[in-house]
Structures are given as structure tokens and as C-alpha cells.
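Enquirer: model the following, please.
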Amino acid sequence: MKVAVIGGGSTYTPELINGFLARQNTFPLTELWLMDIDPQRLNIVGGFAQRLVAAHGAPFKVMLTQNQREAIQGAAYVCTQLRVGQMAARQADEYLGQKHGLIGQETTGVGGFGKALRTIPVILNIARDMQELAPGALLVNFTNPAGLVTEALARHAPEVQSVGVCNVPITAKMRLLALLENELGQKIEPERVELKTLGLNHLSWHRGLTLDGEEMWPRVFRAYCAQQTEWDAHTLETLGLIPNYYLQYFYYTGQKLAAQKKWPPSRAEEVQVIEESLLNYYGNPAHTEPPADLMKRGGAYYSTVATQLLNAHYNDLGETHIVNTRHNGAVAGWPADWVLELPCRVSRAGITPLPTEPLPLVNFGLVAQVKMYELLTVQAAVFGDRKAAYEALLTHPLGPAADQVQIVLEAVFAAHRAYLPQFWS
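Expert: Numbers count the residues shown, from 1 in each chain. I've put the predicted structure just below:
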């Protein structure tokens, strides 16, 4: 069985390989193809990946290529973890936000907008190659903004099975599991616990946690509120839900903007330092195991999320995973064609959303507004539609004032012109 990773030169890749190594008895991988357009990163990360696999005596080979079609040909699964424009583009997004008094974070606000415009055409190109060269393969997208990219795939590449994946739900699950273990005074296997989450990627709320099917939310929620420092108590008490971390950009925008004013370093600049250290480590021929501080890069439980999903799909396990996909009416009263982040059954038949109670109006209002922004951004990215791009920024709750929209839009176009050919065709 062949798995292709587009963006294989990512410093996350060794973590992904660890996941495959941990599941080699149940997931019969024979070829792992790492594809990247950056030959230096591909050789450094890919070389380390090959040593890592050899050191474990794994039964699969790691193949390196700069040819996307070669990587995809005959693959059963294609994982996308790419960054168009690399970290320099992320840094440009962050400081563009700072300059205009807007949130510049890479998935939220104007930063997420710029990243989506660059990324969506590239991912759709991968989907077209899959349709031709790997029909029936599952596209598993980790590339941010993951939900928005998956929305584009659902609307403009429906022939290709695709799902968007993020590590935030599993990180939340493991944090709440630790609280539950402390409450009950016992160790609990993670597979006995299921988290209930609903919303959009990086715009969701956790609202239930079951142990062997029994709802433990009131107990876990009280324990969380007693020890957390991220949210004001009255908001949590009113919602009765735990917001995804990224909702701080919406709920406490002023605080986030104040933090931006203190840059440098921005997050992109911090990550560049971390990545330089990781690449130096990977490039040392003596190293055959990932460094202990790999998690400084972010992406906790990345290997678990990625390989558990593929394993559940291949082995028809029927496990519940929180992923991004079109919900197809699973959430009553919400437009059925929306891509949401919600619990789904993962089996050989595909990704099946589970019936889920709608969120209260206080949550739905924000979800609906951001979903309209997403739909307009997809329209802009796919067709080079400048009017839709303008409307997307005008719609976003973290967007610029109306008389600043065109100024910010032109700044985005200017900063990333090399990666936005659709707007000048």
C-alpha cells in the first residue's frame, strides 16, 4: 500500500512517520512517498525519515520526489501538509495584520484569508491529479486553514474523497481526560472516552465528554473551570461550553491586538528559529530518532490524529473521530452542504457525520457569519474573483472597516502576488 505526503519536507514529517511505525502491525504500508518542491528540505527531512524507518526495521520504504504526479500515482491515501510561500508568507501575513490593526494569525482574520487564497488552488490541483492517477484514494488535509480548504474541496472537487483534520480536538480530549482521571482517581484508556465538539475548524465549542458511553460533562466542565486561566468565568458559566482556543481572537480581540503590537518576534519568527534547529538536527547523519523538543513546533498528537484516521478507514473500524467534512444534514436545521468540524464515524465506507444537536444561537451566529466569509473566500480563490474577495473581508467579523477593505485587499494581493496568479489572469 502506498501513502503520499505532499509537503513531505515539513518538520512535522518525522512525527507522522512515528505514527506509521506504531501501527505497522495493523496498517500494511509498503511505500511512503514524501513529495516537496523544496529540494533542500526534502533531502534533509527525507534523509532523516529514511534513517528513522531503517533504525526501526520497518517493512515500508520511504521514497523522495519533487514530482507531485509521481507521488500520487497509485496511492491509497494522500496527506497534504504544505505551506504555499513557506514561513516567509506566514510572517508577511502576520505583519500585514499588525500594520492595519487586524488579527494576522495564520488561520484567523486577514492572515487566514491570505493563506486560503494561496492554498486553495494548490490543493485543488492535487485533487485533480488524484482523480486521474489515484481514483478512489482518500485525501487527508492537514493544511491550514483546514476547514476552509476542505470546504473548497467539497464544492470544487466532489469526485475526490476528502477530509480535513486538526489536532485541536484531540489535544482538548487529552486535557479533559487528564481532568477526569484526577476526578475519578484512576487511569483511563483514551479509546474509552469520546469528546463532543461542533463548529468550524478553529471556531468550535466542546460540549460533552463520555466515558464508556456515560456523559461526564458536568463533572469535567466544573473541573476545567476551576483550573483554567484562558477565559473569564462569566463567559464559561453562560455558555456551559469550552471554546476552542482560537475563539480568543473573537472574544478577546483587543488583547490579541495588543499582543501583536509587541512583535517581534511573531509566531512565524519563533517557528523559523525552531525549524532551523530541527533541520540541523535532522541533517546530522548520526541521528535516527526525533528530538525530544519536536513538540515546540506545535502539532501535539499530530501522528496520532493522522495515522489513527488512516488506520480506522483502512481496517473498517467504525471509530469516532472529530474531523472536517460536509455534514449532510447531521446537524438539523443547518445548511446540509456546510463543511463542519464534528464527530464522524470513520470506516471503509468513508467519513460519516454523526447526528449532532445544533449549537445555541449565541454560537450559531458567529458560525454562520464566518461560514459566509469562507464561502466567499472559496469563490475568490477558485475564480480569481476580486469582488468576492472584497466581500469576504467585508463579511469577516475580524475584518477591516468598510472604508479600509480595498486598502487591505490590495496589500494582500501585493504581498503575495507570486502565489496569486488567478487574480491577474
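Enquirer: can you give me the strands for the stretch 1-150 of the chain?
Expert: In the stretch 1-150 of the chain, the strands defined using DSSP state E, counting those that start in this stretch lie at 2-6, 31-35, 61-65, 77-80, 138-141.
Enquirer: these into CSV, with extra columns for distance to residue 284 and mean neighbour count?
Expert: Bear in mind the C-beta positions are built from the backbone N, C-alpha and C, glycine included. Formatted as CSV, the strands of the stretch 1-150 of the chain follow (distance: least, CB to CB, whole Å; neighbours: other CB atoms under 10 Å):
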stretch, distance to residue 284, mean neighbour count
strand 2-6, 22, 27
strand 31-35, 19, 24
strand 61-65, 18, 18
strand 77-80, 26, 25
strand 138-141, 30, 25
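Enquirer: how about a markdown table for those, with mean pLDDT and distance to residue 280 added?
Expert: Converted to a markdown table, the strands of the stretch 1-150 of the chain look like this (pLDDT from 0 to 100; distance: least, CB to CB, whole Å):
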| stretch | mean pLDDT | distance to residue 280 |
| --- | --- | --- |
| strand 2-6 | 98 | 22 |
| strand 31-35 | 98 | 19 |
| strand 61-65 | 98 | 19 |
| strand 77-80 | 98 | 25 |
| strand 138-141 | 98 | 29 |
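Enquirer: so what's residue 126 up against?
Expert: 6, 68, 72, 78, 80, 139 (CB atoms under 8 Å, 6 or more residues apart in numbering).
Enquirer: tell me the one of the residues you listed nearest residue 92?
Expert: residue 80 (21.6 Å; CB to CB).
Enquirer: report the beta-bridge partners for that closest one.
Expert: residue 6, residue 141 (DSSP bridges).
Enquirer: and which of the contacts of residue 126 is nearest to residue 167?
Expert: residue 80 (14.9 Å).
Enquirer: any idea how far residue 58 is from residue 291?
Expert: 19 Å (CB to CB, to the nearest Å).
Enquirer: what's the answer for residue 416, then?
Expert: From residue 416 to residue 291 the distance is 32 Å (CB to CB).
Enquirer: neighbour count: these two, which is higher?
Expert: residue 416 (20 against 14; other CB atoms under 10 Å).
Enquirer: how much space is there between that one and residue 52?
Expert: Here the criterion is CB to CB. By it, residue 416 lies 34 Å from residue 52.
Enquirer: pretty sure residue 37 is touching residue 66, no?
Expert: Yes. Under the contact definition of CB atoms under 8 Å, residue 37 touches residue 66, with a separation of 6.1 Å.
Enquirer: ok, then the element right after the one helix or strand residue 303 maps to?
Expert: Take DSSP states H and E as the rule and residue 303 turns out to sit in helix 302-314. Later in the chain than helix 302-314, the nearest helix or strand by DSSP H and E is strand 319-326.
Enquirer: now for residue 246, how many residues are close by?
Expert: With other CB under 10 Å as criterion, residue 246 counts 18.
Enquirer: nearest residue to it in space, please, no chain neighbours.
Expert: residue 202 (3.9 Å; CB to CB, 6 or more residues apart in numbering).
Enquirer: one step back: export the strands of the stretch 1-150 of the chain to a markdown table and tack on distance to residue 168?
Expert: A markdown table is the format used below for the strands of the stretch 1-150 of the chain (distance: least, CB to CB, whole Å):
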| stretch | distance to residue 168 |
| --- | --- |
| strand 2-6 | 21 |
| strand 31-35 | 25 |
| strand 61-65 | 28 |
| strand 77-80 | 18 |
| strand 138-141 | 15 |
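Enquirer: just to revisit the earlier point, count of neighbours near the residue nearest to residue 246?
Expert: Look at residue 202: counted by other CB under 10 Å, it has 24 neighbours.
Enquirer: ditto for residue 217
Expert: 19.
Enquirer: just confirm it contacts residue 197, I think it does.
Expert: No. Using CB under 8 Å as the test, residue 217 is too far from residue 197 to be in contact (11.9 Å).
Enquirer: quickly list what's touching both of those two.
Expert: residue 207.
Enquirer: give the residue farthest from the middle of the protein.
Expert: Here the centre of the chain is the reference, and by CA atoms, centre = their mean the most remote residue is residue 185, at 33.2 Å.
Enquirer: from residue 140, how far out is it?
Expert: To residue 140, residue 185 is 37 Å away according to CB to CB.
Enquirer: who does the residue nearest to residue 67 when sequence neighbours are not counted bridge with?
Expert: The shortest distance from residue 67 to any non-neighbouring residue, by CB to CB, 6+ apart, is to residue 35 (7.0 Å). Note on residue 35: beta-bridge partners residue 6, residue 65, judged by DSSP bridges.
Enquirer: residue 6 against residue 79, yeah?
Expert: Yes. If you go by CB under 8 Å, residue 6 and residue 79 touch, sitting 7.1 Å apart.
Enquirer: can you map out the strands along the stretch 251-400 of the chain?
Expert: Using DSSP E, counting those that start in this stretch, strands in the stretch 251-400 of the chain cover 319-326, 339-347, 350-353.
Enquirer: which helices and strands does the last one pack with?
Expert: Pointing back at strand 350-353 there. Packing partners of strand 350-353 (3 or more CB pairs under 8 Å, 6 or more residues apart in numbering; DSSP states H and E): strand 161-164, strand 319-326, strand 339-347.
Enquirer: any chance of TSV for those, columns mean neighbour count and mean pLDDT?
Expert: TSV is the format used below for the helices and strands packed on strand 350-353 (neighbours: other CB atoms under 10 Å; pLDDT from 0 to 100):
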stretch	mean neighbour count	mean pLDDT
strand 161-164	24	98
strand 319-326	23	98
strand 339-347	23	98
